[in-house]
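> got a sequence here, can you model it:
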Amino acid sequence: MTAVAAVDLGASSGRVVRGVVADGTVHVEEVHRFPNGPVRLRDTLHWDVLGLYREVLTGLGLAGEVGSIGIDSWAVDYGLLDERGALLGNPVHYRDARTASITPPDGLYEVNGLQFQPFNTMFQLMAEPLLPHASQLLLIPDLLSYWLTGERGAEYTNATTTGLIDVRGGRWSSELTRALPPGLLPELRHPGDPAGVFEGVPVTAVGSHDTASAVVAVPAETDRFAYISCGTWSLVGVELSSPVLTPESRAANFTNEGGVDGTIRYLRNVMGLWLLQECLRRWDTALEPLLRQAEHAQGSLFDPNDPVFLPPGDMPDRIQQWCRDHDRRVPESSAEIVRSVLDSLAAAHRDAIADAQRLSGKEVEVVHVVGGGSRNELLCQLTADACGLPVVAGPAEATALGNVLVQARAVAAVHGPLAELRRLVRQSQPLRRYLPR
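The predicted structure is shown next:
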């Protein structure tokens, strides 16, 4: 039996998970969970990264004896260090408005292959007042790893979300980083590489972009699958061996992000369950009763990727106003708004999967929904209906499982390619299948 600790930080909560690989199975146990969210200071939205580090230390203390530690988190956000290695200010939240008016320069997609998102790291750096004082940049998982070990690096899968990687060459782009201070970007690491030692325990680089870890744990039986890593965001795409950098791909707003074992996560970002989270926060109510009502409610389709839905705020009012502005039926009750969100997400999932197949040439026979959204039965059924394809839901703990499996392979507790890791997930985790109606 081999046990490892997976630190899994999401945009609304974080946790530390103890993962055990034994007898051809993999299981995870949450040992510590803690809230995460933005902190507004004057007119800027920040992360409480020191609070997160404190909670990580607490969780590692509760994980018991382990053979490795790995950290994953959301993408794009970073901390800047001075020449002494001290943090320059609290990291800014990607939902902060400082990049709202950014216009991307021409020619980026042919190099970095990224869907335009105004909060990508390269655009945040254009609005970063502390950049002239910075000696080095570390993405959030790399920053926490540095505080644990004293060693710096940039894990590859997360680095590809910065917009500063040459996606063909798999390295920092000299063209795109020319204007940055020399030495700002650390050496790249890859999933499975050693990342230092914390209190005698090796720290291992994993797919530190949480979606990269989640895709490792997609329980696919063949390569003819699409995935939806469904949480605060829905990351909808297919797994490829090389990027798609055509003008048509750029126009369709698809991104080419690095995956574990040299794969490409060819995907589109869809706003995801953030819409529901903000609605529930506004209503101060639980989701389950509303889901039961929404099953029989009438919804209205809206564009979940409209930038109006990106910042925190009164999401029910924004959805209603969007429908008014676009001559759609306005959902009135809470149940109708929930149904509108789920119908709109299912339609966005359908469109992204259809576009991914058309643009990449990859045939899809089944859709895997992983992450917290796999527990939402109505969303999974609506996605199957919209796509006209079977949906396999689960595991909900895909990110933690992918983190654990990459660590387990690094310490030789498991062996083999991604297909073998996915076989362990199929053997170990409960899955549910939804057929289109």
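
> other SSEs contacting the helix or strand of the chain with the lowest mean pLDDT?
One helix or strand of the chain scores below all others by mean pLDDT, DSSP states H and E: strand 38-41, with a mean of 93. Helices and strands touching strand 38-41, by 3 or more C-beta pairs under 8 Å, 6 or more residues apart in numbering; DSSP states H and E, are strand 44-47. In this view, the C-beta of every residue, glycine as well, is placed from N, C-alpha and C.

> who's in contact with stretch 26-34?
Contacts to stretch 26-34, defined as C-beta atoms under 8 Å, 6 or more residues apart in numbering, come from residues 6, 13-20, 52, 55, 58-59, 62-64, 397, 400-401, 404-405, 408, 414, 424-425, 428.

> buried ones in the least confident helix or strand of the chain?
Within strand 38-41, the residues scored as buried using 16 or more other C-beta atoms under 10 Å are Pro38.

> for Ala11, give me the pLDDT.
Listed pLDDT for Ala11 reads 87.

> and the residue nearest to it when sequence neighbours are not counted, how many neighbours?
Counting by C-beta to C-beta, 6 or more residues apart in numbering, Thr232 is the residue found nearest to Ala11 once chain neighbours are left out, at 4.5 Å. Thr232 has 20 neighbours, counted by other C-beta atoms under 10 Å.

> correct me if wrong: Thr232 contacts Ser13.
No - applying C-beta atoms under 8 Å, one finds Thr232 not in contact with Ser13, separated by 9.8 Å.

> how about low-confidence regions in the stretch 301-437 of the chain?
Within the stretch 301-437 of the chain, not a single segment meets pLDDT under 70.

> stretch 220-237 - what's its average pLDDT?
97.

> which secondary structure element contains the residue nearest to Ala11?
Counting by DSSP states H and E, there is no helix or strand that carries Thr232.

> Asp210 versus that one, what's the distance?
Thr232 is 10 Å from Asp210, where distance means C-beta to C-beta, to the nearest Å.

> if I pick Ala398, what's in contact with it?
Residues near Ala398 by C-beta under 8 Å, 6+ apart: Ser213, Ala214, Val215, Val216, Ala217, Val218, Ser229, Val370, Gly371, Ser374, Val425.

> where's it relative to Val26, distance?
Following C-beta to C-beta, the distance that separates Ala398 from Val26 is 11 Å.

> who touches both of Thr232 and Asp210?
Common neighbours of Thr232 and Asp210 (criterion: C-beta under 8 Å, 6+ apart): Gly10, Trp74.

> helices of the chain, start to end?
For the chain, the helices identified by DSSP state H occupy 49-62, 109-112, 121-126, 140-149, 156-159, 210-216, 247-251, 274-283, 288-294, 315-325, 334-360, 377-387, 398-410, 418-428, in order along the chain.

> who's in contact with the residue nearest to Ala11?
Gly10, Ala11, Ser12, Trp74, Gly272, Leu273, Trp274, Gln277.

> would you reformat these as TSV and include distance to Leu185 and neighbour count?
Formatted as TSV, the contacts of Thr232 follow (distance: C-beta to C-beta, whole Å; neighbours: other C-beta atoms under 10 Å):
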residue	distance to Leu185	neighbour count
Gly10	25	18
Ala11	24	22
Ser12	28	16
Trp74	19	24
Gly272	29	27
Leu273	32	24
Trp274	29	22
Gln277	33	17
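
> nearest to Val366 among those?
Gly272 (20.6 Å; C-beta to C-beta).

> phi, psi for the closest one please.
Gly272 adopts backbone torsions of phi 80, psi -160, taken as degrees, to the nearest 10.

> check it and give its pLDDT.
Looking at Gly272, its pLDDT reads 95.
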